[in-house]
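Chemist: Provided below are the primary sequence and the corresponding predicted coordinates.
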Amino acid sequence: MPSYRISTIANLLGVSDDTIRRWLDENLIKAVNGSGPKRVDGASVARFLQERPAGTQLGDDPNESIRNHFQGLVVALKKGQVMSQVDLQCGPYRVVSLVSTEAVEELNLEIGSVATAQVKATNVSVQLPEGDKL
């Protein structure tokens, strides 16, 4: 199961580190046991986001401009025989993309994975972050 630093999850969702810590304290999301800095279970964050009402604002600035790359957390994945739907929570934005099932499998995408949606015109592609940026 993917796990991430508190600051990484906070950046992905557009909230503060303290918000993530509060969600951990309230058992809304789960921490991963281990040595070193506390890490957050990505799948538990995805479940938490799925349980929130559609359109719920997570970030502080609903007027933030949209750029063409959105790094986010995979919160839903519906795999079909040929095509799959990938839902990303990118800060306060929910980005949904239809991509080939082959691409989903090649990227090893799963609930709780971090991926980047790249938007060009009306098309959205999903890619993994470069290097060890997590």
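Modeler: Sure, I can see it. Keep in mind the model is a prediction, meaning the values are calculated, not measured.

Chemist: domains in this structure, by residue range?
Modeler: Following automatic domain parsing, the chain resolves into domains at 3-51, 69-127.

Chemist: start and end of the first one, how far apart?
Modeler: The stretch domain 3-51 measures 20 Å between its terminal residues, going by C-alpha to C-alpha, to the nearest Å.

Chemist: what's the answer for stretch 96-110, then?
Modeler: In stretch 96-110, first residue to last residue: 14 Å (C-alpha to C-alpha).

Chemist: for the remainder of this discussion, apply numbering that starts at 42.
Modeler: Let's use 42 as the start, then, which means that last one is stretch 137-151.

Chemist: which of the residues in that stretch are buried?
Modeler: Buried residues in stretch 137-151, counted by 16 or more other C-beta atoms under 10 Å: 138, 140, 144-145, 148, 150. Just so you know, the C-beta spots here come from the backbone N, C-alpha and C atoms, and that holds for glycine as well.

Chemist: all good on my end, thank you.
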